[in-house]
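> attaching a predicted model along with its sequence, questions to come.
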Amino acid sequence: MLFKNKFFLLFLALLLGLVVFLIPRPEGKQFEIKGDPTQKLAAAVADKFTVVEEATEKKGYVLEVNDSAQVEKPGILLAKTVKEMGLKEKVSVNYIDGLSPKGKRFLVILAVLIFLFVLEPIPLEITAICIGVSLAGLGIVELRDAWAPYMHPVVVFIMCCLIFAIAMQKAGITNRLGRFVVKKAGTSVVRFTFFISIALGWASGVMHDAAAVAVGLVTMIPLMKAAGIKPLSKTGAFMTLALPFACSAGGMGTLVGGGRNMVAAAFLYEFTGIELTFFDWIKFALPAAIITVPLSVCCVWLVFRPDPTIKLPAFDEEAGPWTSQEKWTAGIIGITFLFWLTKGIHGLDYSITGMIGVTALVLANILKWDDIHEHLEWGTALFIFGGGISLGLGMGHSGAASYFANLFFPLIQGGGWLVLFIGVGFFGAIVTNAMANVAAAALILPIVIPMAILEGVDPRVMALCLGMATSFAMLLVIGCPPNAIAYSYRYFKSSDLTKAGLLATPVLLAALVLVAGVWWKILGLV
C-alpha cells in the first residue's frame, strides 16, 4: 500500500534526485572553446592548458589541461577566467570528455522525471509541465528556451493530426472503414484478425495509431461477444493484441503515423540542419512498416494460437452511400495531406498547412469548437509532446548529450552504421516501454546524433532508426496508447502482452535491420 501512496512516491523521486546529485561529477580534461577566434583565453591559461585541436568553421578550438592533479576543476577555472576577462557574452566553454555543472543538474532532473514517468504518482501531463519548470528554475536553459518547445511547430502539427482524427470519427469515415474491413474479412477468426489488423496497421501510417486501434476494437468486440469468445482466452488475447501491435508498427510509415516520427525529424533538423521531408520519411520508412505490420500479427498468432473452429457472425449491414459531410471531410484532409507531401515544393511548414486544414473543417461546419475542445487530448498534445522536446533540447544545451556521446563512442568506434543502428534500435525499443515514445526519442536522439557524426554515419540513419524502433513498445501496457486502449477491454492480462512482446520485439527489430541493410543501401543512405 505504501508504494501506491503518491506522496511516498514523490519522496522517493526526490530522494533519487539527491542520490544522483551526490555522485561525483567527472570533470574531464578537454574543453571546446567557441567564440574566441584570436584564442585570448588560450593565451591567458597557457601555463595550465594546451591547445590540442585548432578551430574549424563548425567547431571551436580544443584546450586540454596539462596536469589534472594541479587543476582540480579545470572546466570551472576556464569559465571563471572567461568571466574575469569580460568575454562571457561571446566565449563559451564546452566540456568534451567531462560533465558540466549544468549537465549534472540535468541528470538530476532526468532521474526524477524518469521515476515519475514510470510510476505515475502524478498525472503525466503535470510531470511534463515540470520539465520546463525545472530546466528554467535550475538555470539549465533560458526561460524562453524552456517554454518555447511547448508550442514547437511539431506540437502544432501533432495537434492537427489529432483534430483530423476527431473529424473523421464525427463524420463517420472511421466507422465506414471498419465496416469495409469486416465485410471483406469473412467469419474466420484468424483471417478476420489478420485482415483487420494488417489493414488498420497500414492505415496507421496516415492516421493516429490510437484512433486506428479504437476503430478496430469498436468493430471487433461486438463480433467477439456474439461468437462467445471469452475474456482471457487465447483467442481473445490473440485478437485484441494483434491489433495494437500492428497499429504501433504501422505508425512508423509516415511522419503522420506517430509523434515520435516528427520529434525525430525535428531533432535531426535542430542539431544538424538536415531536414527529413514528408516524402523522405515515406521513402525510407514505409517498406519497413509494410513488412513489420503482418510480422507483428504473426508473432502474436505464434504465442496464442487461437481456436480455428470459432466462427464470427456475418456482418451484412450496408454502410450506405457517402454523405456530403464525409466527402467534405475526406476532401479537406486529403488536400492537406497533399500539401504535406509536397512541402519541398511550396515550402510551407506542416503546422501551417495543417492548421489551414483545421480551419477549413470548421468553416465547412464539419467541426465546431466544442468538438475540438471536448475531444482533443490537450494535455498530450501540448504538455507531453512539448515537454519531451524541451527535455531533449535541455539535454543538448546542458552538455549531457555530448558527454554521453563521448562516453559511449569508444564502445562502437569503428563498427560503422550497423553497430550504431542495432544498439540504438534495441535501446530505443526497450526504453519506449517505460515512457512515452516521443519522450524516449527526445531523450536518446541528442546523444546518438553526435555519436553518428563522430563515427562518420549519416545522422538521418539515427533519426529514422529511433523514430521507427520506438514504434515497438510491446512489453508493457503503459508502453503506448494502443496497448492501453486494447487492455481496457480486459480480454488479455498484462503478462500476456509482455509474453507476446518478448517474441515480437526482437523479430521486428531484426526485420528493421534487414530493411535498412537492403533498402537503404539501394537508396544510398548507408
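Looks like it arrived, so ask away.
> from I196, how far off is the nearest residue to P313 once chain neighbours are set aside?
Leaving out its chain neighbours, the residue that sits closest to P313 by CB to CB, 6 or more residues apart in numbering is A226, at 4.8 Å. The way it works is simple: take the backbone N, C-alpha and C, and place the C-beta from them, glycine included. According to CB to CB, to the nearest Å, A226 stands 15 Å off from I196.
> what do you get for H375?
Taking CB to CB, one finds H375 at 24 Å from I196.
> okay, these two: which has more neighbours?
I196 (27 against 15; other CB atoms under 10 Å).
> which stretches of the stretch 1-150 of the chain form strands?
In the stretch 1-150 of the chain, the strands defined using DSSP state E, counting those that start in this stretch lie at 30-34, 49-53, 61-65, 92-95.
> of those, which is nearest L18?
strand 92-95 (23.0 Å; CB to CB).
> excluding sequence neighbours, find me the nearest residue to K368.
V362 (7.2 Å).
> I'd like the next helix or strand past the helix or strand hosting the one you found.
Assigned by DSSP states H and E, V362 belongs to helix 350-363. Sequence order places helix 369-375 as the next helix or strand after helix 350-363, per DSSP H and E.
> that next one packs against which elements?
helix 153-171 (3 or more CB pairs under 8 Å, 6 or more residues apart in numbering; DSSP states H and E).
> ok so, going back, the residue nearest to P313: how many residues sit nearby?
11.
> from here on, call the first residue 7.
Taking 7 as the first residue, the last one we looked at is A232.
> gap between it and F121?
For A232 relative to F121 (CB to CB), the value is 44 Å.
> for the stretch 57-206 of the chain, which spans come out with low pLDDT?
183-184, 187-188 (pLDDT under 70).
> go on, the stretch 207-356 of the chain?
214, 320-324.
> so which residues of it form helices?
With DSSP state H, counting those that start in this stretch, the ranges of helices along the stretch 207-356 of the chain come out as 215-232, 240-256, 265-278, 284-310, 330-347, 349-352, 356-369.
> and those helices, which is most packed in?
Here the criterion is mean neighbour count by mean count of other CB atoms under 10 Å, and of those the winner is helix 240-256, at a mean of 29.
> what's the angle between that helix and helix 284-310?
160 degrees (axes from the mean of the first three to the mean of the last three CA atoms, to 10 degrees).
> and helix 240-256 with helix 215-232, angle?
Going by the same axes, to 10 degrees, helix 240-256 makes 160 degrees with helix 215-232.
> packing partners for helix 240-256?
By 3+ CB pairs under 8 Å, 6+ apart, helix 240-256 packs against helix 195-209, helix 215-232, helix 284-310, helix 487-493, helix 500-521.
> would JSON lines of the ones you listed with distance to T438 be doable?
As requested, these are arranged in JSON lines below (distance: least, CB to CB, whole Å):
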{"stretch": "helix 195-209", "distance to T438": "18"}
{"stretch": "helix 215-232", "distance to T438": "13"}
{"stretch": "helix 284-310", "distance to T438": "15"}
{"stretch": "helix 487-493", "distance to T438": "11"}
{"stretch": "helix 500-521", "distance to T438": "10"}
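> and those: which comes nearest V425?
Among the helices and strands packed on helix 240-256, helix 500-521 sits nearest to V425 (CB to CB), with 10.9 Å.
> give me the helices and strands touching that closest one, please.
helix 240-256, helix 284-310, helix 422-437, helix 465-475, helix 487-493.
> now for these, which one comes closest to T511?
helix 422-437 (5.7 Å).
> and that closest one, what's buried?
Residues 423, 426-437 are the ones in helix 422-437 that count as buried (16 or more other CB atoms under 10 Å).
> after it, next one along is what?
helix 443-461.
> gap between that next one and the chain center?
11 Å (CA atoms, centre = their mean, to the nearest Å).
> that helix - contacts with which helices or strands?
helix 265-278, helix 391-404, helix 406-418, helix 422-437, helix 465-475.
> K374 - how many residues pack around it?
Residues near K374, counting by other CB under 10 Å: 12.
> my read: it touches E380, true?
No - applying CB atoms under 8 Å, one finds K374 not in contact with E380, separated by 9.6 Å.
> closest to Q175 out of the helices and strands packed on helix 240-256?
helix 215-232 (7.1 Å).
> what's in contact with that closest one?
Contacts with helix 215-232, where a contact means CB atoms under 8 Å, 6 or more residues apart in numbering, come from 171, 174-175, 180-181, 183-185, 187-188, 198, 202-203, 206-207, 209-210, 242, 245-246, 249-250, 253-254, 256-257, 263-264, 318-319, 321, 486-488, 491-492, 495, 497.
> sorry, back to before: would you turn the helices and strands packed on helix 500-521 into TSV with distance to L388?
Converted to TSV, these look like this (distance: least, CB to CB, whole Å):
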stretch	distance to L388
helix 240-256	23
helix 284-310	23
helix 422-437	23
helix 465-475	21
helix 487-493	16
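> what's the closest of those helices to L21?
The nearest among the helices and strands packed on helix 500-521, by CB to CB, is helix 422-437 at 22.5 Å.
> other SSEs contacting the closest one?
Partner elements for helix 422-437 (3+ CB pairs under 8 Å, 6+ apart): helix 406-418, helix 443-461, helix 465-475, helix 500-521.
> identify whichever of those helices lies nearest to T283.
Judging the helices and strands packed on helix 422-437 by CB to CB, what sits closest to T283 is helix 465-475, at 11.1 Å.
> and that closest one, C-alpha only, in CSV?
Provided in CSV are the C-alpha atoms of helix 465-475 (Å, rounded to 0.1, in the frame of the first residue of the first chain):
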residue,chain,number,x,y,z
PRO,A,465,22.7,11.3,-38.9
ARG,A,466,19.5,10.7,-40.8
VAL,A,467,20.1,7.0,-40.1
MET,A,468,19.9,7.6,-36.4
ALA,A,469,16.8,9.8,-36.6
LEU,A,470,15.0,7.2,-38.8
CYS,A,471,16.2,4.3,-36.6
LEU,A,472,14.9,5.8,-33.4
GLY,A,473,11.6,7.0,-34.8
MET,A,474,11.0,3.5,-36.2
ALA,A,475,12.3,1.4,-33.3
